[in-house]
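In: Okay, sequence plus prediction incoming.
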Amino acid sequence: MNETIEIDKVGAINHLSIPLPEGGGLVVLKGRNGAGKSTAIKSVESLYDPIARKSLETSDRSIDPGTIHGKGVRVKLGKSKSTIGELVCDSIDGGLDPSVFVDPGIKDEVKADAKRLHVLVRLSGLKILKSDWMALTGGKYEDLVQADPIETADRIRRAIHTEAKMLEEQIEKRSREADSLIRPAMDVDTSLADKADTFADLLDQLRKDLFSAAIENKNAAEQNAKVTEAKLKLDGMPRFDLEDIQKKADDHSEQVALQYSRKQELEAELNKSEKLIAEMEFRSKQFAEQIVNAKKMEDMIKDLESSAALEIQPTIEVSDIEARIAKGTKLHEQALIAKKIRDDLIKGDAIKAELEKEKAEAKKLREVARGTDSIFGRQLSSMGFSDVIVDDGRLKVSSDRGLELVSELSDGERWKLAIKVAANGLGEGAILPVEQAAYEGLDPENRMLIRDLAREKKIVIVTALASDEELTAEVVQ
């Protein structure tokens, strides 16, 4: 006897019994729109997924709480939902619908493959160790690792992209800085940069020369002032006739001698003569002093005449030195500008070189971010799905025809792959929901294909078809 799932007083459903064919198969819920087909599928999901229970409500027509019972689990609905028993299985999940793998409903093929990969991960029950994530990211983002590998991949991918974006923004900012340093040097001759120190030394020497010239000019001006002063003193100084004074002194000496000779003769006049002699001796002393002073004056006059005879020293012309300093200053300024530009150019080139490394790092980060899904491919391969390959963001399979993109497989081939992964990952007896729209879009051949695959893999696929009937559940034979 087939096992069943019983649904009572849930949403529009008063009662529905869903058979679960032993050995697997396809169960189709039939009924008109609004009869409760989607609610029935949600009810099946609620046995496995607490999130699905939140969307279920007791029927408005019943005062009794709604219940869902099957697979050893009873879910009781009401103001507070309760569950007795839990299935240790991940077979029901919003990401477990294999029809999403067949057609993700996304035009962008890369994004569509990313969605397919996520469905495969869910279907396979894939578990990825923290050490695997750490190996992928180089030991970073440990705090982002969750039990759910899809959520972990998404968190790590966004974190890496954020880090890469910040690095790229920093690169852009520093690149503009480097350009601002390099661009001014494009039209500038930086050959003067090496002469900046030479020009600086030359300017120092010219400034020393200018200072020396100023000192010499000052000394010359002071000497000229002394010469002028000597001439003025010379002009105002009294003149003495030394020969005349000497002659008078000689005559006087003769008179003194005569008076001494007459002294004996004129003893009577001794007192008078002695007085006269004293006066004359005093006068002789004065003459001696005048001779000495006259000789000093003569020597001074000779010195002044010698000084006055000196030509006034011409002042040193500093205008030439000043012109050379002005020219040297201009050249030095140009050399300093050229040196700064050259230094900026070197700095800009160094920044550019560093940016190349940072660009490589940012590129590597982007590659790691894009490669977060590749870990799923490796893990799927380790679980026995070696024919499933993730290559540069694209999902591929290895077949007799070679390596093919999953997007280029037929719908039937994608159904086979999805159900194969689900059966191996979730085990026999797993229940897979398939959207009504996806099933209704299948041709009869593919409908029979998924039935046969479900039987082969001993899983139950639950889906729905619109009809004019009351809500029923039938096993497709």
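Out: Here it is on my side, so go on.
In: And Phe66, how close does it get to Leu120?
Out: Not Phe; residue 66 is Gly. Here Gly66 is placed at a distance of 34 Å from Leu120 (CB to CB, to the nearest Å). From N, CA and C alone the C-beta is placed, and that goes for glycine too.
In: How about Arg401?
Out: 20 Å.
In: So for those two, which sits in the more crowded spot?
Out: Neighbour comparison, Arg401 and Leu120: the larger count goes to Leu120, with 26 against 9 (by other CB atoms under 10 Å).
In: could you say which helix or strand contains that one?
Out: Using DSSP states H and E, Leu120 falls within helix 109-124.
In: now Glu229
Out: Per DSSP H and E: helix 196-236 holds Glu229.
In: which secondary structure elements does that helix contact?
Out: Packing partners of helix 196-236 (3 or more CB pairs under 8 Å, 6 or more residues apart in numbering; DSSP states H and E): helix 270-309, helix 319-370.
In: Now do the last one against helix 196-236, angle only.
Out: Which is helix 319-370. Angle of helix 319-370 versus helix 196-236, following axes from the mean of the first three to the mean of the last three CA atoms, to 10 degrees, is 160 degrees.
In: what about Asp468, neighbour count?
Out: 9.
In: do the same with Ile419
Out: Going by other CB under 10 Å, the residues that sit close to Ile419 add up to 24.
In: How much space separates Leu409 from Glu229?
Out: 120 Å.
In: oh, I was asking about Ala200
Out: 44 Å.
In: quick one: the very next helix or strand once past the helix holding Leu120 to chain centroid distance?
Out: The helix or strand immediately downstream of helix 109-124 is helix 130-137, counting by DSSP H and E. In terms of CA atoms, centre = their mean, to the nearest Å, the gap separating the centre of helix 130-137 from the centre of its chain is 27 Å.
In: ranges for the strands of the stretch 351-477 of the chain?
Out: Taking DSSP state E, counting those that start in this stretch to define them, one finds strands in the stretch 351-477 of the chain at 388-391, 394-399, 402-405, 431-433, 460-466, 472-475.
In: Relative to the fourth one, what are the paired strands and their orientations?
Out: Meaning strand 431-433. strand 460-466 (parallel) (DSSP bridges).
In: Can you mark which positions in the partner strand are buried?
Out: Neighbour counts over strand 460-466 (16 or more other CB atoms under 10 Å) mark Val460, Ile461, Val462, Thr463, Ala464 as buried.
In: of all the residues you listed, which two lie farthest apart?
Out: Val460 and Ala464 (13.9 Å; CB to CB).
In: Wait, a strand at Ile7?
Out: Yes - counting by DSSP: H, G, I helix; E, B strand; the rest coil, Ile7 falls inside a strand.
In: pretty sure it is touching Leu77, no?
Out: No - using CB atoms under 8 Å, Ile7 makes no contact with Leu77, being 10.2 Å away.
In: Between the two, which is the more surrounded one?
Out: Set side by side, Ile7 and Leu77 show more neighbours around Ile7, with 29 against 23, by other CB under 10 Å.
In: List the residues that contact the more buried one.
Out: Ile13, His15, Leu16, Ser17, Ile18, Ala40, Ser43, Gly66, Thr67, Ile68 (CB atoms under 8 Å, 6 or more residues apart in numbering).
In: ok, what's across the strand from it?
Out: Leu16, Ile68.
In: What residues of stretch 396-414 count as buried?
Out: Under 16+ other CB under 10 Å, the buried positions of stretch 396-414 are Lys396, Val397, Val406, Ser407, Leu409, Asp411, Gly412, Glu413, Arg414.
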